[in-house]
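Undergrad: next one to model:
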Amino acid sequence: MIQRKITISPQQTLLEALRLIDGNGLQIVFVVADNNKVLGVITDGDIRRALINENSLDNLVKNFMNSDFLYLNGSSLDSHTIEIASQQKLKVLPILDDKAILIDLFELNKIDIQ
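TA: Sure, this is the predicted structure:
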């Protein structure tokens, strides 16, 4: 099961997201609702772009999260999605259940894609 702090509320700030990203070593956190449904993701790059555009670290995560993200369905591993994620140099893909609840992470650096 997931052991690193990788989830954040949409009501938390970019600074809080940045602290989690710095601590988890994955360059990403997953934005979850109160019911644990994954609403989106925010990466260190998203925060960097927000700062370049003169946004404050006090702004809420929900305003900068990406709600159109790659993920795997917990019931099957989709090799096409894994290949796209690898091409985009992603470190991890969330594995979601049928209700979009985060159940695990698929770490791409642990596989060899030819």
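Undergrad: CA only for contacts and neighbour counts going forward, please
TA: Fine.
Undergrad: what about stretch 51-70, how long is it end to end?
TA: 24 Å (Cα to Cα, to the nearest Å).
Undergrad: now do stretch 5-15
TA: So stretch 5-15: terminal residues 15 Å apart, Cα to Cα.
Undergrad: could you pull up the mean pLDDT of that stretch?
TA: Mean pLDDT, computed over stretch 5-15, is 96.
Undergrad: now do the buried residues in the helix or strand of the chain with the lowest mean pLDDT.
TA: Every helix and strand in the chain was compared by mean pLDDT, DSSP states H and E; the lowest is helix 79-87, with a mean of 88. For helix 79-87, burial by neighbour count (16 or more other Cα atoms under 10 Å) applies to 82, 85-86.
Undergrad: would you mind writing the CA trace of it as CSV?
TA: Provided in CSV are the C-alpha atoms of helix 79-87 (Å, rounded to 0.1, in the frame of the first residue of the first chain):
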residue,chain,number,x,y,z
SER,A,79,0.2,-1.2,-21.7
HIS,A,80,-0.7,1.7,-24.0
THR,A,81,-1.1,4.1,-21.0
ILE,A,82,2.1,2.8,-19.5
GLU,A,83,3.9,3.5,-22.8
ILE,A,84,2.5,7.0,-23.1
ALA,A,85,3.5,7.7,-19.5
SER,A,86,7.0,6.5,-20.2
GLN,A,87,7.3,8.7,-23.3
